[in-house]
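# all I have is the shape, not the residue letters:
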């Protein structure tokens, strides 16, 4: 059986999207070229890997099985490439410049800026919706993630490295700003702007409300802390976010942390990567930096 690296790449991308059109766009190929690569691969394997039902494309049973192996093969090749780069590198600085860490972060950008201490900067980072982090980690699209909610997948490894206090925020003009020791019951009639379902912040708030036997009056759902902060500044309601994301807004008094009983809710930050992943020296260097640096120092950087 002779399968080319190109065929594996095209198939893995098509299996992920279940769309030849998106595969072509992602790999900068024409759609006929994608179809040809898949057809040749199916002829080599001797089994259909995709089936079309109406306008939708689905993996066959053979396709599902082959997708798992193709991801593993491509991951191993990627790891091998990292090792080759390591062997070719004459020093650590050269290695860092060649091996950017593909990182997903769910912290404020000002926190990430503290990693400028790593010279040259090894980071190529993205900020996805939190529930998507585990998926893109499993697909090996990123090297690691910094998350506020540990993953449930056994294929992923997480290490807790810092506390993550959740606080209630309000616009400076809100009538509760001047109040002290506010009972949670007093906020039941307030409208809240909160994170999407599945996020760590949303899950923590739902558990808290269940413990207090008190429903949460949800006005809007947002997919990022930045969107919540902007909505709260605009007077659209109260918000619950990580205190670590508020440094700039508190300094400029654009937002106020309310003095609410039972708050802050204490959660944690985790650094997460695939359990069986061989981290590149650059990724390992970043991981060591995060685990060895107190959150207070990161915030002040």
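Alright, I've got the coordinates. This structure is a prediction, so every number in the text was calculated from the model and none was measured.
# buried set for stretch 264-276?
For stretch 264-276, a neighbour-count test (16 or more other Cβ atoms under 10 Å) marks 264-265, 267-274 as buried. Quick note: C-beta positions are derived from backbone N, CA and C, even for glycine.
# partner strands of the lengthiest strand in the chain, with direction?
If you go by DSSP state E, the chain has its longest strand at strand 156-170. Using DSSP bridges, the strands paired with strand 156-170 are strand 238-242 (antiparallel), strand 256-257 (antiparallel), strand 265-274 (antiparallel).
# out of these, which comes closest to residue 216?
strand 238-242 (9.1 Å; Cβ to Cβ).
# for that closest one, the averaged confidence score.
Confidence for strand 238-242, expressed as mean pLDDT, is 92.
# how far does that strand sit from the chain's center?
19 Å (Cα atoms, centre = their mean, to the nearest Å).
# what's the answer for stretch 148-164, then?
12 Å.
# show me which positions of it end up buried.
148-151, 156-158, 161-162, 164.
# Serialize those to a markdown table and add fields for distance to residue 288 and pLDDT.
Output for the buried residues of stretch 148-164, formatted as a markdown table (distance: Cβ to Cβ, whole Å; pLDDT from 0 to 100):
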| residue | distance to residue 288 | pLDDT |
| --- | --- | --- |
| 148 | 21 | 76 |
| 149 | 23 | 75 |
| 150 | 20 | 75 |
| 151 | 21 | 76 |
| 156 | 19 | 84 |
| 157 | 15 | 85 |
| 158 | 16 | 87 |
| 161 | 11 | 84 |
| 162 | 15 | 83 |
| 164 | 20 | 85 |
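# please identify which helix or strand holds residue 58.
strand 56-59 (DSSP states H and E).
# and that strand, what other elements does it pack with?
Applying 3 or more Cβ pairs under 8 Å, 6 or more residues apart in numbering; DSSP states H and E, one finds that strand 56-59 contacts strand 50-53.
# what packs against the strand it packs on?
Against strand 50-53 (3+ Cβ pairs under 8 Å, 6+ apart) you get strand 56-59.
# pretty sure residue 67 is touching residue 59, no?
Yes: with contact defined as Cβ atoms under 8 Å, residue 67 reaches residue 59; the gap is 6.3 Å.
# overlap in contacts of these two?
residue 15 (Cβ atoms under 8 Å, 6 or more residues apart in numbering).
# thinking again about what came up before, lowest-confidence stretch among the strands paired with strand 156-170?
Among the strands paired with strand 156-170, strand 265-274 scores lowest, at a mean of 86.
# so which bits of stretch 250-261 are buried?
Neighbour count says stretch 250-261 has 254-258, 260 buried, by 16+ other Cβ under 10 Å.
# now for the strands paired with strand 156-170, which one comes closest to residue 210?
strand 265-274 (12.7 Å).
# following the closest one, which helix or strand shows up next?
Following strand 265-274 in sequence, per DSSP H and E, is helix 281-292.
# returning to that earlier point: and the strands paired with strand 156-170: which comes nearest residue 205?
strand 238-242 (5.6 Å).
# centre of the chain to the biggest helix by length in the chain, how far?
Ranked by residue count under DSSP state H, the longest helix found in the chain is helix 61-88. Averaging C-alpha positions (Cα atoms, centre = their mean) puts helix 61-88 21 Å from its chain's average.
# swap in stretch 243-256?
23 Å.
# repeat that for stretch 58-69.
The answer for stretch 58-69 is 26 Å, by Cα atoms, centre = their mean.
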